[in-house]
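Asks: next input, structure requested:
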Amino acid sequence: MRIMDVHEVAADERQGLTDRLLGDEHIHRAFQATNMAVIFTDRRIITIQRNTLLSEKVETTSFSYRAVRQFSVLEGTPEESRSELKIWIGADPQPLHLRAVGATDLAPVQLLLATKLH
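Replies: The predicted structure follows:
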């Protein structure tokens, strides 16, 4: 997977993402890049990729928390506040790599992943 520069989607802006959720599924965190979104719910991790090069296509991929092999968080210094989160999922050798834009804080996702993986 490639590096995605993401910002967090505010709770009141998540309405467009809820059509991909189960009836009783809840979003813990959601992040958005230019053509992609990553959603962390109480049940799974969902990636949504939009391909608009030739035609409008949307690919949605769902990963169980059980498929997460490992994760790492890199936190920058106060001068360089950009943090990074890498999540290795399944047999894919390349991690899902999120890089924070602006004041986006990826550290809370580390707590969520730790809770889901224990």
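Asks: which SSE is the residue nearest the centre of the chain in?
Replies: Nearest residue to the geometric centre of the chain (Cα atoms, centre = their mean): Val38, 3.3 Å. Assigning secondary structure by DSSP states H and E places Val38 in strand 36-41.
Asks: and the contacts of that strand?
Replies: Applying Cβ atoms under 8 Å, 6 or more residues apart in numbering, the external contacts of strand 36-41 come out as 4, 6, 9, 17, 20-21, 25-32, 45-50, 96, 98, 109, 112. Bear in mind the C-beta positions are built from the backbone N, C-alpha and C, glycine included.
Asks: do stretch 63-73 as well
Replies: Stretch 63-73 is contacted from outside by 43-47, 83-90, 95, 106-107, 109-110, 113, 116-117, using Cβ under 8 Å, 6+ apart.
Asks: which of the contacts of strand 36-41 are buried?
Replies: Neighbour counting with 16 or more other Cβ atoms under 10 Å marks 4, 6, 9, 17, 21, 27, 29-32, 45-49, 96, 98, 109, 112 as buried within these.
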